[in-house]
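S.K.: sequence? don't have it. structure:
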């Protein structure tokens, strides 16, 4: 079974939760995100949800919409927008040798003008590597 806790899901999944829970003003609360993750908010236990969302503000993926309220930034919307690779691209990626894969990573990193995208790449890379250990 998948780990749907705060520490079991990735940044993109957490952004998607914020997006899914957003009201008409585009904002959602820390409490709503905690509830969606299955946390028991009644026991008074502190949570890592608020700090993780605050880091996402620092990365440029979220904006504060008020105390305990969050909304996707333009970069956050872009990260969630159409993330699927085409079948042809995925097939081509699978056929690359090690040197070509390294060059693809170098090219992607070199074209990431915005720090928010660079942070997303770095964090996803680290998460992907950790999942294979």
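M.R.: Alright, I've got the coordinates. These figures come from a predicted structure and were not determined experimentally. Residues are numbered from 1 along each chain as shown.

S.K.: now do residue 61, the pLDDT please.
M.R.: pLDDT for residue 61: 91.

S.K.: for the protein, give me the ranges with low pLDDT.
M.R.: Within the chain, the segments meeting pLDDT under 70 span 1-7, 112-116, 130-133.

S.K.: the strand or helix carrying residue 16 - contacts with which helices or strands?
M.R.: Assigned by DSSP states H and E, residue 16 belongs to helix 11-21. Contacts defined by 3 or more Cβ pairs under 8 Å, 6 or more residues apart in numbering; DSSP states H and E place helix 11-21 against helix 30-36, helix 49-59, strand 69-72, helix 74-80, helix 115-130. Glycine gets a C-beta too; all of them are placed from N, C-alpha and C.

S.K.: care to break the chain down by domain?
M.R.: 11-79, 84-130 (automatic domain parsing).

S.K.: and the ones you listed, which is most packed in?
M.R.: domain 11-79 (a mean of 16; mean count of other Cβ atoms under 10 Å).

S.K.: that one: end-to-end distance?
M.R.: 10 Å (Cα to Cα, to the nearest Å).

S.K.: quick one on the thing from earlier: of all the helices and strands packed on helix 11-21, which one is nearest residue 11?
M.R.: Minimum separation from residue 11 across the helices and strands packed on helix 11-21 (Cβ to Cβ) falls at helix 115-130, 5.6 Å.

S.K.: which outside residues touch the closest one?
M.R.: 10, 11, 12, 59, 60, 61, 73, 75, 79, 108, 109, 112 (Cβ atoms under 8 Å, 6 or more residues apart in numbering).

S.K.: how far is that helix from where the chain is centred?
M.R.: Remark: helix 115-130 is offset 9 Å from the chain centroid, using Cα atoms, centre = their mean, to the nearest Å.

S.K.: ok and it relative to helix 11-21, angle-wise?
M.R.: 120 degrees (axes from the mean of the first three to the mean of the last three Cα atoms, to 10 degrees).
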